[in-house]
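>>> One predicted model, sequence on top.
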Amino acid sequence: MARQSVALAHAYRLLNHGPTVLVGAASGDRHNVMAAAWCMPLDFEPPKIAVVLDKATHTRELIEQSGEFAISVPPRALLAATVAVGNRSGRDGDKFGPLGLHHFTGDQIAAPLIEGCVAWLECRVLPEPHNQSRYDLFIGEVVAASADDRVFSGGRWHFGPDDDALRTLHHVAGGAFFVTGEPAGGD
Ligand SMILES: Cc1cc2nc3c(=O)[nH]c(=O)nc-3n(C[C@H](O)[C@H](O)[C@H](O)COP(=O)(O)O)c2cc1C
């Protein structure tokens, strides 16, 4: 092993393997969805997550209006749609129909959850105006969560040989992704 220096501009890539997610938002009769790689758990009880939402995104505008957002975890089968919703804006037109994406309403919030995903988290924004404005960082309390029991049950992910299309996506930047691999460790 030779330890090599990594440019600071690339430092985040060393930690970037968490699942890329779809962030859904709604305000009034407007619904939208975007991709986000920068989403992470923040606390256990009550559960909280953090997500970075660029000021230019339409999704952020809807979230600021509604105080809610939905996280859907897309599987490999939705790779193309994930890239697509991350490369066009809802301001320029509906993304759902043209991309063949369908959404449904969760248990607690109005923001759209995406069909075909393998996990969903419904979140209410915990307002932190300074962090939102300065760092584009939004913190949400998770008020409901659900998952596809083919790959998540008993509180654990479990991907088998027949679940390749359901494996989660992990953006490693530059448009490249890994999919979840084999388990290691654990009990
Ligand atoms: C794989 C991927 C990951 C992305 N991660 C983020 C992210 O973490 N935060 C963010 O603000 N934008 C991220 N983006 C960009 C947004 O998804 C993109 O700006 C999108 O077009 C915004 O759509 P909207 O204007 O309809 O909200 C990502 C895009 C891709 C393709």
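In hand now; what should we look at? This is a predicted model, so every value here is computed, not measured. Residues are numbered from 1 along each chain as shown.

>>> and the closest residue to H10 other than its chain neighbours, which of the three is it?
Once flanking residues are discounted, H10 sits nearest to A173: 7.8 Å by CB to CB, 6 or more residues apart in numbering. Every C-beta, even on glycine, is put in place using the N, C-alpha and C of the backbone. Secondary structure of A173, reduced to three states by DSSP: H, G, I helix; E, B strand; the rest coil: coil.

>>> same question, A11
Following three-state DSSP, we place A11 in the helix state.

>>> OK, contacts around L169?
P19, T20, P74, P75, R76, L78, L79, T82, F177, F178, V179 (CB atoms under 8 Å, 6 or more residues apart in numbering).

>>> Of all pairs in these, which one is the farthest apart?
Across the contacts of L169, the longest distance by CB to CB is 15.1 Å; it joins L78 and F178.

>>> Counting neighbours, go ahead and name the busier of the two.
A count of neighbours by other CB atoms under 10 Å puts L78 above the other of L78 and F178, at 25 against 13.

>>> you'd agree that one is up against C117?
Yes. Distance between L78 and C117: 6.9 Å, which falls inside the contact criterion (CB atoms under 8 Å).
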